[in-house]
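# Pasting the sequence and the predicted coordinates here, then a few questions.
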Amino acid sequence: MSAIYKRSANFLSPLTLAFFEDSGWYRANYTKTKVSPFGHAAGCQFVMDDCINNGQLPAYSRGNFCNTFGGKSCDPTYTRKSSCDLVNDLLFDIPEYFQYFDDANTGPKGFDRADFCPLANVNGMLVFDDCISLSFSFSSLRFFLT
């Protein structure tokens, strides 16, 4: 199961398998699991606090959410180029609790199930495998090939 909303990025996490195993009905093969990069190591604030504060991305939201109209970045799996799905011409008002911008019509164009947080969207992007993720012991670099 995955918080990422594209079919090619379904991650079966160790936590999911442990849940099934604890039911007593299954014995899990943990060698087939992957940790979803969405929100990974972002801390408790990622879950407990707003994804955007006064239109700005807090440190715990960077790489998972976006706040720039059409801004280019890697998708949450860091495997494809994507663009921010933030628009300011929604045909409905976002509920006040989920308004992260001054304009009530500003929010994600197509995916509102993440508390109306704008996400990197790969729909319509034709370039594959152009994002690279390099992990180091103290930092992580993510960039586009040019």
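All right, it came through fine.
# Stretch 87-105: end-to-end distance?
8 Å (Cα to Cα, to the nearest Å).
# Show me which parts of it are buried, residue by residue.
By 16 or more other Cβ atoms under 10 Å, the buried positions in stretch 87-105 come out as Leu90, Ile94, Phe98, Gln99, Tyr100, Phe101. For glycine as for every other residue, the C-beta is placed from the backbone atoms N, C-alpha and C.
# counting contacts, what elements does the longest helix belonging to the chain pack onto?
For the chain, the helix with the greatest residue count under DSSP state H is helix 14-22. Here helix 14-22 touches no other helix or strand, going by 3 or more Cβ pairs under 8 Å, 6 or more residues apart in numbering; DSSP states H and E.
# residues of it that come out buried?
Leu17.
# Put the alpha carbons of it into PDB.
The C-alpha coordinates for helix 14-22 follow below in PDB (Å, rounded to 0.1, in the frame of the first residue of the first chain):
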ATOM      1  CA  PRO A  14       7.200  -4.000   6.000                       C
ATOM      2  CA  LEU A  15       4.500  -2.300   8.200                       C
ATOM      3  CA  THR A  16       1.700  -3.500   5.900                       C
ATOM      4  CA  LEU A  17       3.000  -7.100   6.000                       C
ATOM      5  CA  ALA A  18       3.400  -7.000   9.800                       C
ATOM      6  CA  PHE A  19      -0.200  -5.900  10.000                       C
ATOM      7  CA  PHE A  20      -1.300  -9.000   8.000                       C
ATOM      8  CA  GLU A  21       1.000 -11.300   9.900                       C
ATOM      9  CA  ASP A  22      -0.400 -10.100  13.200                       C
END
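# before we move on, the earlier item: let me have the buried residues of stretch 87-105 in a markdown table, adding pLDDT and distance to Gly71 as columns.
Shown next, in a markdown table, are the buried residues of stretch 87-105 (pLDDT from 0 to 100; distance: Cβ to Cβ, whole Å):
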| residue | pLDDT | distance to Gly71 |
| --- | --- | --- |
| Leu90 | 86 | 18 |
| Ile94 | 86 | 19 |
| Phe98 | 92 | 20 |
| Gln99 | 92 | 19 |
| Tyr100 | 93 | 15 |
| Phe101 | 92 | 14 |
